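> Pasting a predicted model and its sequence here:
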Amino acid sequence: MLFQMAADKSTYTPFIESFEFGYIFTEKDQALDVSVQRSMFSQFPTGSFSASLISSYPPFLSIPDTLVDLIQDAINHMRAKKSR
């Protein structure tokens, strides 16, 4: 079921119209392969923030400082989009 959720196109309206989205890939995730993560991200709206960490899940335990930097990058990305 998890993989089906990743493959199905989202039709949830706020996903399409209202929220800013971003995804931080965890390249060494042993539960959710990065190819599945990328498939999920492909459904995000064009221009959504993305970044990759050479980390397993959860990066907030293994490399918290790097994750905080990427979250700040995501915030800056979304703010820049809103100011256009």
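It's in. Numbering: from 1, shown residues only.

> Setting the sequence-adjacent residues aside, check what's closest to the residue nearest the centre of the chain.
Nearest residue to the geometric centre of the chain (C-alpha atoms, centre = their mean): residue 23, 0.9 Å. Distances taken as C-beta to C-beta, 6 or more residues apart in numbering place residue 41 nearest to residue 23, at 4.5 Å, with adjacent residues excluded. For the C-beta atoms, the positions are set from N, CA and C on the backbone; glycine is no exception.

> Next, work out how far apart the one you found and residue 83 are.
From residue 41 over to residue 83 the distance is 24 Å, taken as C-beta to C-beta, to the nearest Å.

> Who has more neighbours out of those two?
Legend: neighbour count by other C-beta atoms under 10 Å for residue 41 and residue 83, higher for residue 41 (17 against 6).

> Return the helix or strand in the protein with minimum mean pLDDT.
Least confident helix or strand, the chain: helix 13-17 with a mean of 56, by mean pLDDT, DSSP states H and E.

> Parallel or antiparallel, list what pairs with the following helix or strand past it.
For helix 13-17, the following helix or strand on the C-terminal side (DSSP states H and E) is strand 22-26. Next to strand 22-26 in the sheet, as set by DSSP bridges, lie strand 49-53 (parallel).

> average pLDDT for the partner strand?
For strand 49-53, mean pLDDT is 96.

> I would like the residues contacting that strand, please.
The contact list for strand 49-53 (C-beta atoms under 8 Å, 6 or more residues apart in numbering) reads 20-27, 34, 41, 44, 59, 63, 66-67, 70, 73-74, 77-78.

> 10 Å instead, please
Strand 49-53 has contacts (C-beta atoms under 10 Å, 6 or more residues apart in numbering) with 20-29, 34, 37-38, 41, 44, 59, 62-63, 66-67, 69-71, 73-78, 80-81.

> Just the buried residues from these, in ChimeraX please.
Per 16 or more other C-beta atoms under 10 Å, the buried members of these correspond to this ChimeraX selection:
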select :20,22,23,24,25,26,29,37,41,44,59,63,66,67,70,74,77,78
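
> circling back: so the residue nearest to the centre of the chain sits right up against residue 36, yeah?
No - in this structure, residue 23 is not within contact of residue 36 by C-beta atoms under 10 Å, at 11.6 Å.

> Many thanks, have a good one.
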